Each structure stands twice: as structure tokens, then as C-alpha cells.
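**Q** the amino acid sequence is not available; the structure is as follows:
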RNA sequence: GCGGGGAUAGCCGAGCGGUAAGGCGACGGCCUGCUAAGCCGUUUCCCUAUGGGAACGGGGGUUCGAUUCCCCCUCCCCGCGCCA
């Protein structure tokens, strides 16, 4: 949620942001109107309450003095009726105002590339040495802007679907039978590989000062709505029948909500959390995309970085979270590029977003594996997460970034590390925990 | 699931129909050569702000007036039951 004071004092900031996001500014105008109506009504209602409180005090005095307060009681009751009318109207307008206020997108950062959709996302960084099938060289050079080293590979890499099914490391058909499409059974060493990655990732973040968190995997509606815009997420979330509970789509949400309604001590900031959880997503809008395999699925495990920081530190921590993710993919020896997400593709909550896109040789594409967002105070204001500063209680800034989404990382390892015979080389850093060098 | 007891400010904690004590912590000031102690003030939210309004887990009710009485809900503690 944006700060209502921006709406009142400097609405041009919001009009400008909407313009850069290629979004309608109607919502801003509506919010301004509703807010000024609300304030006018509040004023009137408060004045009436002040009148009434005077009478109530008068009654108290009369009672104590042994006088008859009945005539004053009658006047107080009359005012009461008026207050009731105002309260009803006030509450109605307030609900409308808050609903619309929550829907106003976060202020897009001035540094983000301005474009109306993801075609404007800007690759800004390249790292690693990619394996590229001969036939894909031209496409790779274009996608990597010629800024990335590569080895031309003579054999045509298999898709992770073919390879994993053939090697009996996953079973998709049986998953489809028992649960539907976009579900999977992981089998054998692939399970161990997933656990090894997770273990490595958790130790990696713990060493960097993150507190490890396994959060609730279900949240009630109120918590969900604090962490994100519920109406925008409703198509994504699985609802538990008969309960006020939703399966989480990311541990970002329970971790953000963890500090809801709290006032943090400045000395305790930043608070850094590493969440581990399964993520459940309906993928409702993704018909036809990545229908095969485990790249886009209804359920996957994710390790997430989350930070509550002082406002002046959020840009630095945005860099740090991204840097952690870079270091991690470097350690796994997966080639990747970083993309600066365009204003039109940011989503409502983020002010600035960087994605890490791994190189997938079989798809001959860079695909998203990490999304690192600076949310500013947008989430903190909804959730009422503040800290005690000299100037008073201020909202913190929150940031979130994937470290790994296991299925996508597994696919990246499988595609990049496959050998011509269909075996998969285990990344060096995982060999100890896997107990083998090749799967 | 059943019975009993609870929920008050950042934390602890009194009040139990007349409008939120006190303590701790934090911040600001005074006093000190410095520190400590001591003293004074501030320390929930909202509003067109020398003022006013709201707020005692949440929601409703009774009343001129509710932290206090009544009803519903949530969560916590104790006991019983059930159970990985």
C-alpha cells in the first residue's frame, strides 16, 4: 500500500509512476476524491463526538453532585443519533478508499527501464561459460549480447523431460494420473540432488547471517492480504475447503506476515530470513506454456531470502540479495544473465526488480530462476511493520529474492551438466553431500 | 473435542460502570570534567492539529458513559480426551 500522504501532498509522484508503468491514472484520481470525502466526513463526525463528550462529562459531574442529569441525557442521545448516521457513511467511504488505495501499484523506481511489457526487460550482466549446441550459436550470441563466453557443443542436448524420464529420475505420467498435469514424482538420485541443493543453500545463507525459517505452509486470508494484494493473487492460490486457509505460493508471504503489527528495535535491523517451503501455484494464466516436465509446476520447493531493513538501506540490501543469488549460481557453475525488469513488467508490489536467468542449453534460452525485488514500504505499510526511530515509528522496507526454486535449478543442472550418454555431472560443491560425482 | 483460567501500550503489570495507575526499556533535556545515579519531559493510531477524535485480543449488545456487565469469534495457558 502506498503512503496516503503522497496521495494528498505530492500526487504527481503517483501520476508519474503510473505513466511509467503504462497504467491508467484513473485509480489515483478516484483515490484522491474518496480520501477528501473521507476527511470531510471525519471532521464532522469528530466535531459531533466532541460535543457529546462534553455532555457526558457534564452528566458525570451532576451525578457526583447529586443533581438530576436527565435533561442532559436527552441532549446526548440526540447527538448520538447524528453520530450514528455519520459513522455509517464514514465507514462505507473508508472501506472504498482503503480498497482502492491497496490497489495503487508501488512507485516504480526511477532507475527501472521504462517499457510497457517484458520485451523492455534489459539484460545488464552476464556470467559463466555456457555450453551451446552448434545450431543455437547465433541465437545464444544475440541473447547474451556477445558478452558471454561459451563452448560449442557437438551433441544436441536432450530436454530435461526426455532425459529425466529416460533415466527414471522422474515420473510425470503417474503424477498426471493421480494429481493432474504440472505435477511430478522425483525419483532416486534426483531427490537426493534436490536435498543437497537445499542443504547447501541453507548453510550458504546461514553463514551470511540469515535466520533460517520454515514457515506455515498455509495462511489465512488476512495474512495473505497483508503480504500481497489478495485480489491479484486469488487466481494463483489454492484454497483449503471449509477453512479460512490458503496454501502459500511462496515463503515470502508467511515471512512478511511474521512481523505483522510489530514495532522493531532499530538495533535489531536488518532482519534477514532464509525461508524454506514448498510453493503451491495454480498457474492459471499459463496454458500452453512449459506444459511438459518440471519447469513450470503447481508445486515446488523454494529457498527465499527476505529482509526487513531501514528505509535508507533498502537499495544496498537489494544489491546484497542479488549478489547472494549470483554467488550461489556461480558456485553451482550455472551460466546466467541478469535482467533489469521493465516498469510495465514489475507487478504491483515491486518498485524495482532484477531477475537472474539461467542458461538452458536444451531450450537454447535464458529462463528465470531468481527474482529479486525491492518493495520499499509497500508491504510493511499493509502489515504494519515499523521500527522505533528518533523521528517516531517508521515503516521498514522489505525485500525478497529467490535463492533457489528447486525444480528450475534441477532442470538447469540437468540440462547444463548432461553428457552425451545421458549421465549428469554433479556440481562440485554438491559432491560431498551427494556422495557421487555423476548421476 | 470437553472443562477451567487468561489476553491492558515496545515489555511487565494495576484497574473490574464515571473516562487507562505504576514499573522496566527507549528517546530528548537538566545536572555533572566524563560515566553512573538523580530530576523533568516524550514514548498507540487518525484528522485541515496550541485543538479534537479513536483505541484495553477482534466483532456486536446494554448504558448518558464500558477496560469493567452480556453475547459471538480468535489466540494463549492448565487439566482431560485423541494422535502422527
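**A** Great, that's in hand. Predicted model only: the values in this text are computed from it and were never measured.
**Q** quick check: phi and psi at residue A:385.
**A** Reported as degrees, to the nearest 10, the phi and psi values for residue A:385 are phi -100, psi 110.
**Q** what's next to the least confident helix or strand in chain A by mean pLDDT, contact-wise?
**A** In chain A, the helix or strand scored least confidently by mean pLDDT, DSSP states H and E is helix A:230-233, which has a mean of 76. By CB atoms under 8 Å, 6 or more residues apart in numbering, the residues outside helix A:230-233 that reach it are A:103, A:221, A:224, A:249, A:348. Every residue, glycine included, has its C-beta placed from N, CA and C.
**Q** how near is the fourth one to RNA strand B?
**A** If you measure residue A:249 against RNA strand B using CB to the nearest atom of the strand, to the nearest Å, the figure is 22 Å.
**Q** what of residue A:117?
**A** Distance from residue A:117 to RNA strand B, by CB to the nearest atom of the strand: 35 Å.
**Q** for RNA strand B, what's its nearest residue on the stretch 301-439 of chain A.
**A** Using CB to the nearest atom of the strand, the closest approach of the stretch 301-439 of chain A to RNA strand B is made by residue A:393 at 3.9 Å.
**Q** surely that residue is within a strand?
**A** Yes - with the criterion set as DSSP: H, G, I helix; E, B strand; the rest coil, the secondary structure at residue A:393 is a strand.
**Q** what's the burial count for it?
**A** 11 (other CB atoms under 10 Å).
**Q** that one touches residue A:261, doesn't it?
**A** No - applying CB atoms under 8 Å, one finds residue A:393 not in contact with residue A:261, separated by 11.8 Å.
**Q** any idea how far the least confident helix or strand of chain A is from the chain center?
**A** On the basis of CA atoms, centre = their mean, to the nearest Å, the separation between the geometric centre of helix A:230-233 and that of its chain is 12 Å.
**Q** poorly predicted segments of the stretch 251-400 of chain A, please.
**A** Along the stretch 251-400 of chain A, segments meeting pLDDT under 70 are nowhere present.
**Q** one step back: of the contacts of helix A:230-233, select the buried ones using a PyMOL command.
**A** This is the PyMOL syntax for the buried subset of these, where burial follows 16 or more other CB atoms under 10 Å:
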select buried, chain A and resi 103+224+249+348
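**Q** now the residue of the stretch 301-439 of chain A closest to RNA strand B. Nearest residue, chain neighbours left out?
**A** Of all residues beyond its chain neighbours, the one nearest residue A:393 is residue A:386 (4.3 Å), with distances taken as CB to CB, 6 or more residues apart in numbering.
**Q** other SSEs contacting the helix or strand hosting the one you found?
**A** With the criterion set as DSSP states H and E, the secondary-structure element containing residue A:386 is strand A:385-389. In this structure, strand A:385-389 packs against strand A:262-265, strand A:392-395, with contacts taken as 3 or more CB pairs under 8 Å, 6 or more residues apart in numbering; DSSP states H and E.
**Q** mind listing what's buried along that strand?
**A** Judged by neighbour count using 16+ other CB under 10 Å, the buried positions of strand A:385-389 are A:385, A:386, A:387.
**Q** ditto for stretch A:320-338
**A** A:320-322, A:324-326, A:328-329, A:332, A:334-338.
**Q** same check on stretch A:268-278?
**A** For stretch A:268-278, the neighbour count (16+ other CB under 10 Å) marks A:269, A:270, A:271, A:272, A:273, A:274, A:275, A:276, A:277 as buried.
**Q** secondary structure class for residue A:131?
**A** In terms of secondary structure, residue A:131 is strand; the call rests on three-state DSSP.
**Q** distance of it from RNA strand B?
**A** Residue A:131 sits at a distance of 45 Å from RNA strand B (criterion: CB to the nearest atom of the strand).
**Q** show the pLDDT at that residue.
**A** The confidence metric pLDDT takes the value 89 at residue A:131.
**Q** which strand residues bridge it?
**A** Using DSSP bridges, the bridge partners assigned to residue A:131 are residue A:151.
**Q** which residues touch residue A:135?
**A** Contact analysis of residue A:135 by CB under 8 Å, 6+ apart lists residue A:156.
**Q** likewise for residue A:273?
**A** The contact partners of residue A:273, taken as CB under 8 Å, 6+ apart, are A:210, A:211, A:212, A:213, A:255, A:258, A:305, A:306, A:307.
**Q** who wins on neighbours among the residues you listed?
**A** Counting by other CB under 10 Å, residue A:305 has the largest number of neighbours within the contacts of residue A:273, with 29 neighbours.
**Q** that residue against residue A:270, yeah?
**A** No - counting by CB under 8 Å, residue A:305 does not reach residue A:270; the two are 11.3 Å apart.
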